[in-house]
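K.L.:
sequence unknown, structure follows:
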């Protein structure tokens, strides 16, 4: 029997052949042999064997493989991270091109295939099978034959050894638990570095057995390894150091400098905005969703009851929903954190949170009246232009301008997200998408309200204060169209094309100057688009002009009314005079007639 000397291979010397017994394969050199067992589906890797191979890198992710395989012909041995129900697969990764394209490194799975005649072959590619794994490796290493026939440079030339920062699990001692989460935990521990024990903090990725959680677990591992990859390049007294990783088997570990900061100096008291659940009274249900609900209620603030709207996070018992629930809670608390900094008549106020136990609650100002959109549709055709301009549009503009002065990009300005009180005050609400800073770039695919979204956001996923201005122009359009849907009947895809091409909707009937404002606010180029301060100034000018025009119109109407009243009085006097004369004539006529009658009576009597 014979074997490949992997120590020799790693050192660049010619390897020897190795042999097998049944389904157990010997990997090793002159002084050591290591075992790997083949199964029908893949490999079950035994730690004592494979972990000692100098160029075996375990569960090292592809991103690290790219960094380690620097030259064409560099290769390593590693294992995959499949679904929980599937076996590990042994993989040979080899660099075939110098560039950094994804195809510059090829990952070849070593597979076992049983033919109908009962013959077993071991394959790296479909076209070529070997009786044993020994034959497969010997062929590709000694003959310098490309392991992928279609790629001439896929020759196994230089075995890349394990790096000093790649530790064996046996070199690590786990100790006290420091913290835990959905996909892992952090422990204090020790690691052997150059023959001495070094204290460290150890991040452990959770071993996932549920296939439904696998995607999120892989994302978490990817994030952990990205962190480790970055930290390896840093060495400074004021930056936490990394010692390395342990990826030869699960659980994956990251070993970093242990910072002992357990001295309790200053107890941070509960803030005024942190309420106890006992201080809150839940009342009427206002709305509900997949991960929570909103209720009307009351909270005790400085000894008095204050009406409020209460957002409650849903208590999740199903582990499969836990990730989404945590995301929603994170979003809720982000919203609360932002809103604590804002105090303006046209921005919904927050009173605080209740987080001492579940369900988590956010307590905000209760606005009786609903949204501007709801009010427009409810009172369709009965709202005056004066109210639309002064209360709805200008009020919203002032709220947005205030947020911008605080460095907040709202990212979801629309009539549905502006509440409208019974006293006709507009209040910006719904800060779930809001971000602080002058610019924000979306890093992952998310649902966004396309019909209110600026062209630069559609093309580059970038948000700024000017993208809010664009959204405000659509809000203004909604107000003066009495709550109609923007781009009614059009798909999001069609709207994207239209907006990117620079086309806009027809502006509805509105006061003089408002159409010009809308055009400046939905300008294609964000650099020439108005700011919210400019929009507010223009709206105030328009409102003042409209007020003067209305006052003149009112005065003119009053004068016309007074003139008409004077004419009516003159006519009445004339009529009264004529009437009096006629009455006098009548009275004189009667007197004369009576005198004649009396005279006739006297004459008749004398006869």
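P.N.:
Ah, there it is. All values reported here derive from a predicted model rather than from experimental measurement.
K.L.:
hey, let's count contacts and neighbours off CA atoms from now on
P.N.:
Will do.
K.L.:
Low-confidence stretches in the stretch 451-600 of the chain?
P.N.:
When the per-residue scores of the stretch 451-600 of the chain are filtered using pLDDT under 70, the ranges that remain are 557-559, 561-600.
K.L.:
so what's residue 106 bridging to?
P.N.:
On the basis of DSSP bridges, residue 106 is bridged to residue 94.
K.L.:
That one and residue 136, how far apart?
P.N.:
Taking CA to CA, to the nearest Å as the measure, residue 106 falls 17 Å from residue 136.
K.L.:
The residue nearest to residue 141 when sequence neighbours are not counted: how many residues sit nearby?
P.N.:
Ranked by CA to CA, 6 or more residues apart in numbering and with sequence neighbours excluded, the top spatial neighbour of residue 141 is residue 156, at 5.7 Å. Around residue 156 there are 25 other residues, counting by other CA atoms under 10 Å.
K.L.:
again with residue 174
P.N.:
Other residues near residue 174 come to 15 when the count uses other CA under 10 Å.
K.L.:
and it, what is it in contact with?
P.N.:
The contact partners of residue 174, by CA atoms under 8 Å, 6 or more residues apart in numbering, come to 187, 188, 189, 190, 202.
K.L.:
low-confidence ranges in the stretch 301-450 of the chain?
P.N.:
By pLDDT under 70, the low-scoring segments of the stretch 301-450 of the chain are 444.
K.L.:
any chance you could map the helices in it?
P.N.:
For the stretch 301-450 of the chain, the helices defined by DSSP state H, counting those that start in this stretch occupy 319-339, 372-378, 385-387, 394-405.
K.L.:
one step back: would you agree the residue nearest to residue 141 is in contact with residue 139?
P.N.:
No - when contacts are counted by CA atoms under 8 Å, residue 156 is not listed as touching residue 139 (10.3 Å).
K.L.:
Would you map the strands across the stretch 251-400 of the chain?
P.N.:
The residue ranges that make up the strands of the stretch 251-400 of the chain, judged by DSSP state E, counting those that start in this stretch, are 253-257, 280-289, 292-301, 304-313, 350-354, 361-365.
K.L.:
okay, those in JSON lines with mean neighbour count next?
P.N.:
Putting the strands of the stretch 251-400 of the chain into JSON lines (neighbours: other CA atoms under 10 Å) gives the following:
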{"stretch": "strand 253-257", "mean neighbour count": "23"}
{"stretch": "strand 280-289", "mean neighbour count": "13"}
{"stretch": "strand 292-301", "mean neighbour count": "19"}
{"stretch": "strand 304-313", "mean neighbour count": "20"}
{"stretch": "strand 350-354", "mean neighbour count": "23"}
{"stretch": "strand 361-365", "mean neighbour count": "24"}
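K.L.:
closest to residue 374 out of the ones you listed?
P.N.:
Proximity to residue 374 (CA to CA) singles out strand 280-289 among the strands of the stretch 251-400 of the chain, at 14.4 Å.
K.L.:
can you give me the angle the closest one makes with strand 350-354?
P.N.:
Interaxial angle, strand 280-289 versus strand 350-354 (axes from the mean of the first three to the mean of the last three CA atoms, to 10 degrees): 90 degrees.
K.L.:
Pull up the pairing partners for strand 280-289, direction included.
P.N.:
Applying DSSP bridges to the sheet, strand 280-289 is found paired with strand 292-301 (antiparallel).
K.L.:
which residues of the stretch 1-150 of the chain score low on pLDDT?
P.N.:
1-51, 81-86, 122, 127, 132-134.
K.L.:
Tell me which stretches of it form strands.
P.N.:
Taking DSSP E, counting those that start in this stretch as the criterion, the stretch 1-150 of the chain carries its strands at 20-21, 24-28, 33-38, 43-45, 74-79, 90-95, 105-109, 111-114, 120-125, 128-130.
K.L.:
can the strands of the stretch 251-400 of the chain go into TSV with extra columns for distance to residue 425?
P.N.:
Supplementary listing: the strands of the stretch 251-400 of the chain in TSV, determined by distance: least, CA to CA, whole Å:
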stretch	distance to residue 425
strand 253-257	54
strand 280-289	20
strand 292-301	19
strand 304-313	17
strand 350-354	17
strand 361-365	13
